[in-house]
Each structure stands twice: as C-alpha cells, then as structure tokens.
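K.L.:
I would like to see how this sequence folds:
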Amino acid sequence: MKKFFTILALGAVLFTTSCKKWLDINTNPNYIADAEMSMLMPTIQLSAAEKLGYDISLYTSFWSQYVIQCSTTNQYYTVMTYDVTNSTFTSPWSFYYSVVLPRIKEVIAKAEAAGNSSNYILEAKAMLAHSLYMLTSLYDEVAYTEGYLTESQTPKFDSGKNMQAIIIALCEEIRAMDADAVAADEAMNLTASADMIFGGDTDAWFQFVNTLYLKVLMREFDTNKAKIQALLAENNFLEADAAFANFDDQADKSNPLYESDRRQLNTTNNIRCCSDVLNVLSADDPRLYYFYDNNPGGVVTGGAYGVAADPTETSRLALYATEPVYFSTVDEAEFLKAEAYARLNDAANAKACYDAALAAAFARVGLGAAAAAFIDGDYAFAASTSEAMVEQIIIQKWASNVHGLPWEGWFDMNRTGYPSRGTTITDSHGVLSDGYPMRFIYSKTSSDYNPNSPTPVDVNVKMWWQK
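P.N.:
Numbers count the residues shown, from 1 in each chain. Reported below is the predicted structural model:
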C-alpha cells in the first residue's frame, strides 16, 4: 500500500520552511518542536526525494546530455546552454540545510537518547552520508564541521577533499554497527511504516551504505585500492533499488519532475530527446521507448545537444506520474563493481558485473526479458585494456541512467571523461568560453549572508576529483 497520504499530512506540518535556529530568522509557529522519530524519518526521505527528483534531476538530465530544449518554448533554454548564476542553485542548497540535515540530526539525537533505536540511527546516518555526498558532489565545499556539527550561523566550509574523508569515515562508522543489534532494534520498534525507502529492512540499508562507500572510494581509486578490494570481497551491495516510490497520479502527489513539467506548466512539449543517447544505444533497444515518447513516425528521434529542437521532429522525454525517485539502484551497484574490477585488470569479474548491471538496468524499467539478447549482442563486453573496459562500462552506465540517476551520469562524465564530448557525444560549450559544467554555483543566499561562504566560482571550474 502506498504511504503518500501519511507523508502529505506530515508535510503540511513539518515541511513549511521549518528550520533550526542556525538558519531561521524567526520562529516558525507551524514547527513541531518535539516530533516523533517515526514522523521525522519519512519527512527526511520525502524532502531528499523532492530535491533529487526535481531540481537536481532536471539540471543533470540536460548536463548529462540526455535531453535538449524544445524550440517552441524556452523554460529550460538557459539550463541547456549553461547560462546560470549563483541565484540558480539556491533551492537544493537551502532545502538540504533547512529541512533534510536538521531533521537527520534530530532523529540521531532522539534515537541515541532513547536507546534501543539503532535502526533509526542506521537510517538517519545513511541519509546523512548520502546528503553530504550529494552536496559536495554538486557544490564542492560544504558547511559540515561548523554548519552541521556545531550549528554556527556563519559557518566556515570544509573543503571538498575533507568532505571526502568525512563521508568515508561516516560510511565506515555505519558499517561498524552491530547488524544483529540493529535488526533486533528494528524488530522491537518497527520503522516499516516510517521508512519509505526500504520499509525498515536494515540489511538493505547496510547494502545501500556499502554501495555509497564504494562510489566515494572510487574517486581516488589508487589511494583506496585496498579498501575497494576488501569491499569487493565482501560483496554485500544493493540487491533492491533504493527508491522513494510512494507517488500517486494525482495533483501534488506525483513524481516531482512530472508534477512540475507535465502537470503545472502551460506546455507539455518542453524536454526533447538528445541524439547523443541514440548514438550510444542500439536502435532496437526497447528502453528507448521507455525513456522517450511522442515519437515522430513511431521512431525515437533526437536533436544535437545545445540546439533547441522542433517538437514535430524529435521525441519527448517520457515522464511518469508514479515513477520512483532513486537514491541508488542495483544496476548502479553492479556497474560500480564492474568498473572497480576493470581498474584492477580483472576482466572476468568485470564482465560478470557488467552483464549483471545491464540485466538490472533493463529489469528496472520492466524490460528484463529483453536484456539477454543485448548482453550477448550489441552490448557484449569486450575484454581489453583496463581503460578500454572502463570506457565501455561507463558509457553503458551513462545510457542506463536516462531514467534513474541522471546526476550520476553527469558525475561520471566529469570524473572519468566518458562518454567523451566531441567523440561519443556532442561537444557543446553553451555560453561558456571553454570547458563544460562541472559544478553547481554556491547559493546566493549563502554568499550574501555568510561572510565565511566560499567565493562563488564559475560553473566550469573543476573540482578536485574531476578529470
């Protein structure tokens, strides 16, 4: 049964710009000062899903070059051409700091005080690790040591490199938790009705953290090689998608991007297919017809990135009212393993994980029966040099994330250089004189009101982990 109605009721009370004093100017009379953990946890998950599913998904779908703007409208033209300022990215930044992180901290404090609530601690710390991962991946420097731990109103920021160490340490702290004790606490104070991602399945939460841990470690592969090899040997990664799937096909209750673009705008023609995806996937791949719709002549067609497309000549990005918002997926976990094995020059295990990743990617969109023909055919793994294997893995991972994790497609492009702009996909600089979008620009509100906020840098300035 869907739990969206419970979430909606919580949202009316907990969602209304309620913030801790470190972000508030005035006290919000609608804020419940002492909400139960069972009320706070779904609010955390819904809040994070809302930002991932709308703002972050929209920008990164363009910047991964999955989609282009329609020529008869202009809602997202500046997104496509990278014409952004420090006002553009205020919403995700503010939402994490005003809603997600304060709620996480509150759950952890309540669970630690209550005792016998390690299941809540596991879930909250896992959401904290993922939230910090998203913030530092998008913005680089993050107000954590002072902005989260000490609640300074004018926090100094931790560098992106320090955030890497913080997230790794947090994942290791979670992994060190007693799994049996956590399971026992779950049995005693069930979070099944409060956990909108895994329904209180603590084993799945540990697998989610392991998958995130591997993803973060991969940003410095050589430095973290021993940890990566040990993690691969454990082989305890996601076996079910980490997804918020509690949406209904009704106004204000549907998938966030669907709700905004298809239900609330005055046009449904905006977001069109980019031909870059068609240059990577086989024309026979049935996933194309899940990714895109309104196909001229019944065939998926696209336009070059950076050029507004005629809607009568290009397919539209398909959006679904009840499509989940994913935090991670089984196919992502298998692609990560495949890449790690490829970098270790273990072609046999790289192939096994690559094949499993493709099978999971097809299954995630309801097309599992079609996977085998492509795994053995057009997408067959080619054992080769380490770098050539990595390229093949990342390109197929990128293509599988048109629906799923578009931000990971963009992160991988910036981390690995694949798919290669100018070779595999379109080389478009938009309004940039050189380079490509590598980051979100710090929120204007942070820059204006916090003297310790980093000076905003251009969107094409690389972060420490980017190629």
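
K.L.:
Quickly find the element holding the nearest residue in space to Arg421 that is not next to it in sequence.
P.N.:
Among residues not flanking Arg421 along the chain, Asp427 sits closest, at 4.7 Å (C-beta to C-beta, 6 or more residues apart in numbering). All C-beta atoms are positioned from the backbone trio N, CA, C, and that covers glycine. Using DSSP states H and E, Asp427 falls within no helix or strand.

K.L.:
Go through stretch 161-170 and flag the buried ones.
P.N.:
Neighbour-count burial for stretch 161-170 flags 161, 163-164, 166-168, 170 (criterion: 16 or more other C-beta atoms under 10 Å).

K.L.:
Kindly report the same for stretch 383-395.
P.N.:
Residues of stretch 383-395 classed as buried: 386, 389-395 (neighbour count, 16+ other C-beta under 10 Å).

K.L.:
Helices - which of the buried residues of stretch 161-170 land there?
P.N.:
Using DSSP state H, the subset of those located in helices is 161, 163-164, 166-168, 170.

K.L.:
roughly how far apart are the residue lying farthest from the centre of the chain and Ile68?
P.N.:
In the chain, counting by C-alpha atoms, centre = their mean, Gly297 sits farthest out from the average C-alpha position, at 33.5 Å. Applying C-beta to C-beta, to the nearest Å, the value for Gly297 to Ile68 is 19 Å.

K.L.:
now swap in Ala359 and tell me
P.N.:
In this view, Ala359 and Ile68 are 30 Å apart by C-beta to C-beta.

K.L.:
if you count what's nearby, which of the two comes out ahead?
P.N.:
Neighbour totals were compared for Ala359 and Ile68, and Ile68 leads with 29 against 18 (other C-beta atoms under 10 Å).

K.L.:
Give me the below-cutoff pLDDT ranges for this structure.
P.N.:
Residue ranges of the chain with pLDDT under 70: 1-34.

K.L.:
which stretches of it form strands?
P.N.:
67-69, 242-244, 271-273, 292-293, 316-317, 325-328 (DSSP state E).

K.L.:
what does the first one contact?
P.N.:
Going back to what we said before, that points to strand 67-69. Identification of contacts with strand 67-69 by C-beta atoms under 8 Å, 6 or more residues apart in numbering yields 61-62, 75-77, 79-80, 270-274, 302-309, 314, 317.

K.L.:
just the fourth one next, same as before
P.N.:
Contacts to strand 292-293, defined as C-beta under 8 Å, 6+ apart, come from residues 273, 300, 302, 315-318.

K.L.:
now Leu405: how far from Gly417?
P.N.:
To Gly417, Leu405 is 19 Å away according to C-beta to C-beta.

K.L.:
swap in Thr211?
P.N.:
Taking C-beta to C-beta as the measure, Thr211 falls 23 Å from Gly417.

K.L.:
just Tyr97 next, same as before
P.N.:
For Tyr97, the distance to Gly417 equals 32 Å [C-beta to C-beta].

K.L.:
Report how many residues lie close to the closest residue to Gly368 other than its chain neighbours.
P.N.:
Spatial nearest neighbour of Gly368, excluding adjacent residues (C-beta to C-beta, 6+ apart): Phe362 at 5.2 Å. A total of 24 residues lie near Phe362 under the criterion other C-beta under 10 Å.

K.L.:
same question, the one 3 residues further on
P.N.:
Using other C-beta under 10 Å, Val365 has 18 neighbouring residues.

K.L.:
how about it, phi and psi?
P.N.:
Phi and psi for Val365, reported as degrees, to the nearest 10, are phi -110, psi 20.

K.L.:
For it, give me its contacts.
P.N.:
Contacts here follow C-beta under 8 Å, 6+ apart; on that basis Val365 touches 287, 290, 403.

K.L.:
And the last one, its phi and psi?
P.N.:
The reference is to His403. Dihedral angles (degrees, to the nearest 10) for His403: phi -120, psi 120.

K.L.:
my read: it touches Tyr290, true?
P.N.:
Yes - the criterion here is C-beta atoms under 8 Å, and His403 meets it with Tyr290 at 6.7 Å.

K.L.:
hey, what's in contact with both of these two?
P.N.:
The contact sets of His403 and Tyr290 overlap at 318, 365 (C-beta under 8 Å, 6+ apart).

K.L.:
The two - which one has more neighbours?
P.N.:
His403 (23 against 18).

K.L.:
which non-adjacent residue is nearest the more buried one?
P.N.:
In this structure, His403 finds its nearest non-sequential neighbour in Phe291, 5.7 Å apart by C-beta to C-beta, 6+ apart.

K.L.:
Dump stretch 338-352 to PDB, restricted to CA.
P.N.:
Extracted in PDB, the C-alpha atoms of stretch 338-352 (Å, rounded to 0.1, in the frame of the first residue of the first chain):
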ATOM      1  CA  ALA A 338      32.400  -3.700 -12.900                       C
ATOM      2  CA  GLU A 339      34.400  -0.500 -13.100                       C
ATOM      3  CA  ALA A 340      36.400  -1.500 -10.000                       C
ATOM      4  CA  TYR A 341      37.300  -4.900 -11.400                       C
ATOM      5  CA  ALA A 342      38.200  -3.300 -14.700                       C
ATOM      6  CA  ARG A 343      40.600  -0.900 -13.000                       C
ATOM      7  CA  LEU A 344      42.100  -4.000 -11.200                       C
ATOM      8  CA  ASN A 345      42.500  -5.700 -14.600                       C
ATOM      9  CA  ASP A 346      40.200  -8.500 -13.700                       C
ATOM     10  CA  ALA A 347      38.300  -8.900 -16.900                       C
ATOM     11  CA  ALA A 348      36.400 -11.900 -15.900                       C
ATOM     12  CA  ASN A 349      34.800 -10.300 -12.800                       C
ATOM     13  CA  ALA A 350      34.400  -7.000 -14.700                       C
ATOM     14  CA  LYS A 351      32.300  -8.800 -17.400                       C
ATOM     15  CA  ALA A 352      30.200 -10.700 -14.800                       C
END
